[in-house]
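1. Build the 3D model from these lines:
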Amino acid sequence: MSVSSQSTVPHPNACTVALSPGVRALAAEALRPTDPVAVAAVLEPLRAAFADHRAATEGAHGLYADLVQDAPRLARTVDGLVAEHVFIDAALAKLAVIATGKDPTEEAILEGARLVLDDLVRHGRHDADLMHAAYCVDLGGE
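-> Next comes the predicted model:
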């Protein structure tokens, strides 16, 4: 098979690259004395980046569909990642409600930010593991 006829292999972190600035910004806000207005401001672009991530990965024309076509054995793993999207969206929405609510406590904001950051980091690792499992081949040998 010629090189030009091979499918393009996505970069292992292609799904999460756009999320990185938003994740870093939320982490920076979570490490400071908590300002609900600043946290809410950071959340908007992060939520938009995560929506873009979902649009790029989910659906019939998304990256996950292409991956399952190339590696059907990973369909359940993809289902798990799509389910993680729902939980991450919920965590982002909950943090937005906390940050924009009346008199949010610093503890509630920090806990919400920690949950979102943990979920995003874990999901990014799962995305990278999925890409590795699908497209990296061990040729064996010594």
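2. If you count neighbours, what's buried in the helix ranked longest in the chain?
-> For the chain, the helix with the greatest residue count under DSSP state H is helix 106-135. Within helix 106-135, the residues that qualify as buried by neighbour count (16 or more other CB atoms under 10 Å) are 108-110, 112-113, 115-117, 119-120, 123-124, 126-128, 130-131, 134. All C-beta atoms are positioned from the backbone trio N, CA, C, and that covers glycine.
3. same thing with stretch 40-51?
-> Ala40, Val42, Leu43, Leu46, Arg47, Ala49, Phe50.
4. again, but for stretch 66-73
-> Quick answer for stretch 66-73 (16+ other CB under 10 Å): Asp66, Leu67, Val68, Ala71.
5. Give me the angle between the strand or helix carrying Ala56 and helix 106-135.
-> According to DSSP states H and E, Ala56 maps onto helix 36-57. Put simply, helix 36-57 runs at 20 degrees to helix 106-135, going by axes from the mean of the first three to the mean of the last three CA atoms, to 10 degrees.
6. just the CA coordinates of helix 36-57, formatted as CSV?
-> What follows is helix 36-57 as a C-alpha-only set of coordinates in CSV (Å, rounded to 0.1, in the frame of the first residue of the first chain):
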residue,chain,number,x,y,z
PRO,A,36,-16.1,33.6,41.8
VAL,A,37,-16.2,36.1,38.9
ALA,A,38,-12.7,35.1,37.7
VAL,A,39,-13.7,31.4,37.9
ALA,A,40,-16.9,32.0,36.0
ALA,A,41,-14.9,34.0,33.4
VAL,A,42,-12.4,31.1,33.0
LEU,A,43,-15.2,28.5,32.7
GLU,A,44,-16.9,30.0,29.7
PRO,A,45,-14.0,29.5,27.2
LEU,A,46,-13.3,26.1,28.8
ARG,A,47,-16.9,25.0,28.3
ALA,A,48,-16.7,26.2,24.7
ALA,A,49,-13.5,24.3,24.1
PHE,A,50,-15.0,21.2,25.7
ALA,A,51,-18.1,21.6,23.4
ASP,A,52,-15.7,21.8,20.4
HIS,A,53,-13.9,18.6,21.7
ARG,A,54,-17.3,16.8,21.9
ALA,A,55,-18.2,17.9,18.4
ALA,A,56,-14.9,16.8,17.0
THR,A,57,-15.0,13.4,18.7
